[in-house]
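A.B. asks: Sharing a model that was predicted from the sequence below.
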There are 2 protein chains.
Amino acid sequence: MGEPLASWEDRAAKAAVLEFVERVSAAGVPPEERVAVFDNDGTLWCEKPMPIQADFVLRRLFQMAEADPALREKQPWKTAHERDYGWLGTVLEEHYAGDDTNVRTLAAGVLAAHAGISVDDFEAQADAFLRTARHPTLDRGYLECAYAPMVELLRYLEANGFSNYIASGGGRDFMRPVSQELYGIPRDRVIGSATALEYTTDDRGGAIVRKPEADFLDDGPEKPVRIWSRIGRRPILAAGNSNGDVPMLEFTWHTSRPFLRLLVVHDDAEREFAYTAGAEDALERARAQDWTVVSIADDWATVFA
Amino acid sequence: MGEPLASWEDRAAKAAVLEFVERVSAAGVPPEERVAVFDNDGTLWCEKPMPIQADFVLRRLFQMAEADPALREKQPWKTAHERDYGWLGTVLEEHYAGDDTNVRTLAAGVLAAHAGISVDDFEAQADAFLRTARHPTLDRGYLECAYAPMVELLRYLEANGFSNYIASGGGRDFMRPVSQELYGIPRDRVIGSATALEYTTDDRGGAIVRKPEADFLDDGPEKPVRIWSRIGRRPILAAGNSNGDVPMLEFTWHTSRPFLRLLVVHDDAEREFAYTAGAEDALERARAQDWTVVSIADDWATVFA
């Protein structure tokens, strides 16, 4: 490993990370307590014009609507079939404003899209999609949409004895097939939203099958709950980019340990995207509570590898 | 490490374990796939005359009934206050026979016993109990109720690159404070039943608080679901002792990897306990499907350290 965080500009954010890791080492924080949690969409990889998993689901909804014309009049199949995604933007804006009526309509469609198949089949589909589909505007495959400076940060933390976890609102089982390759994060360290699963018995080891209902949505106040449930510890580093990450960042707090909260700000319309919708509260908290703000425009020399 | 599994008698069970580990090494199974899952109550530590966590909860229910006489007429406070645990035996027998009416009554009491406190406070209480309370008949503290041959097995597997997990019907948060010390299993590898948790915000990192409702009961067909959710892999070794472990043992099955299913049989009234109630189906499956049966009386030279 050469110079740490080489793709980060020499500015306050990089200095804060390096200084934090030095303090962790100097304080002799035991390895098992060096827990770092990362949101995925918009923090580790690109989430615009829509989250990558949304593209995966829309393609499946499109297929379903092709096969069954009755579905074409119902959301979310209608939006998928017409390839007119305006409705989705509205749903997200409503969600960030606290209205989840259409989120439930969307969720029911998302859950129906892959219901009744085994977790192995779902993983094979997610894996195939992620390895072949391309980002609609960035002229690169989805697996090349990870932020190079964040991947560098993950490796730097790992080299300093940290255990990195994904703590995403996205689907746990969607990210697992690529998390090791993309981020060096093993599949068992992926925390994310989950559908309800069911074990069905047979004489060949049984199968685990997806049910058309959510187990939990790992967003907002659910993030600290799922982090604690999974790890049994409070992280010392958390990175996010949206309002849904606020409780996780808030939870990353200690009286006798160094801790660091990173907020990635999307302000680079040229190399990535510029938006604050869905991050208003997070930006306000960052200012009020001295979180470390990471400006894509100013702090990253490179965005994508 | 001296001779492996020194406290196991030189019989078929020990030979099966040694041969399995040899096959895993010979096959070059990658470390991340060397996943072993262990039930806790009755598999790693003693579960009679009642599960250790039941004693913890009963003491709390007793305190509650002392403080509020109205509770003394209601189950499970009545059984706790009268120190007449016959009702509990009935509930367990009904459960194993498929009738969960009284299980729900019991569960509501169990959930009420520690509702509204933070996970940190709960953990401190569980920890203090486990370090001070004593087994009612074995003349030893609860922390000395782990089976020495199983602890030896855990260490032997660990030395051979395995990752050991607890996959228990007992409470995840009850076991976590002692799992490392007792079994060398870190807190983040404890899978168990969980109460619903809630994140409450404040300006000092927030808190995670126990709600008076179950998140899930990690028993029977829920065990493979929770193992898969947590690890994202099928184990290659599983050990259990009761009907609730059957799906987990069944799930431990591969076409192209060595795998081993262990069933601990309680047949030693002298050194531990002798009982088959709640294990009838498991014993039948063990015979039919060639699981490796571990007789406490015959296979273990020592039971407790």
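C.D. replies: Structure received.
A.B. asks: other SSEs contacting the helix or strand of chain A with the lowest mean pLDDT?
C.D. replies: Ranked by mean pLDDT, DSSP states H and E, the weakest helix or strand in chain A is helix A:86-96, scoring a mean of 85. Counting contacts by 3 or more C-beta pairs under 8 Å, 6 or more residues apart in numbering or on different chains; DSSP states H and E, helix A:86-96 packs against helix A:77-82, helix A:101-113. All C-beta atoms are positioned from the backbone trio N, CA, C, and that covers glycine.
A.B. asks: Can you list the buried residues in the longest one?
C.D. replies: Same thing as helix A:101-113. By neighbour count with 16 or more other C-beta atoms under 10 Å in any protein chain shown, helix A:101-113 contains the buried residues A:102, A:106-113.
A.B. asks: who touches A:Leu92 in this structure?
C.D. replies: A:277-278 (C-beta atoms under 8 Å, 6 or more residues apart in numbering or on different chains).
A.B. asks: swap the cut-off to 10 Å and go again
C.D. replies: The neighbours of A:Leu92, taking C-beta atoms under 10 Å, 6 or more residues apart in numbering or on different chains as the test, are A:50-51, A:54, A:102-103, A:106, A:277-278.
A.B. asks: Tell me the secondary structure at A:Ala36.
C.D. replies: Under DSSP: H, G, I helix; E, B strand; the rest coil, A:Ala36 falls in the strand class.
A.B. asks: Send me stretch A:61-81 as CSV with only the CA atoms.
C.D. replies: Extracted C-alpha coordinates of stretch A:61-81, given in CSV (Å, rounded to 0.1, in the frame of the first residue of the first chain):
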residue,chain,number,x,y,z
LEU,A,61,-41.2,-5.6,-13.3
PHE,A,62,-41.0,-4.8,-17.1
GLN,A,63,-40.7,-8.6,-17.8
MET,A,64,-43.7,-9.3,-15.6
ALA,A,65,-45.8,-6.6,-17.3
GLU,A,66,-44.8,-8.0,-20.7
ALA,A,67,-46.0,-11.4,-19.7
ASP,A,68,-49.2,-10.1,-18.0
PRO,A,69,-51.0,-7.1,-19.6
ALA,A,70,-53.2,-6.6,-16.6
LEU,A,71,-50.2,-5.5,-14.6
ARG,A,72,-49.5,-2.6,-16.9
GLU,A,73,-52.3,-0.5,-15.4
LYS,A,74,-51.0,-1.0,-11.8
GLN,A,75,-48.0,0.7,-10.1
PRO,A,76,-45.2,0.0,-10.0
TRP,A,77,-45.6,-2.2,-13.1
LYS,A,78,-47.0,0.8,-15.1
THR,A,79,-43.9,2.9,-14.5
ALA,A,80,-41.7,0.0,-15.4
HIS,A,81,-43.5,-1.0,-18.5
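A.B. asks: State the number of residues packed around A:Val57.
C.D. replies: Under the neighbour criterion other C-beta atoms under 10 Å in any protein chain shown, A:Val57 is assigned a count of 23.
A.B. asks: Is it correct that A:Ala238 is in contact with A:Phe162?
C.D. replies: No: assessed by C-beta atoms under 10 Å, A:Ala238 is found out of contact with A:Phe162, at 12.0 Å.
A.B. asks: what's the overlap in contacts for the two?
C.D. replies: Going by C-beta under 10 Å, 6+ apart, residues that sit against A:Ala238 and also against A:Phe162 are A:35-36.
A.B. asks: if we can go back for a sec, wait, which of the helices and strands packed on helix A:86-96 is closest to chain B?
C.D. replies: helix A:101-113 (16.1 Å; C-beta to the nearest C-beta).
A.B. asks: tell me the centre residue of chain A?
C.D. replies: Centroid-nearest residue in chain A, with C-alpha atoms, centre = their mean: A:Asn40, separated by 2.1 Å.
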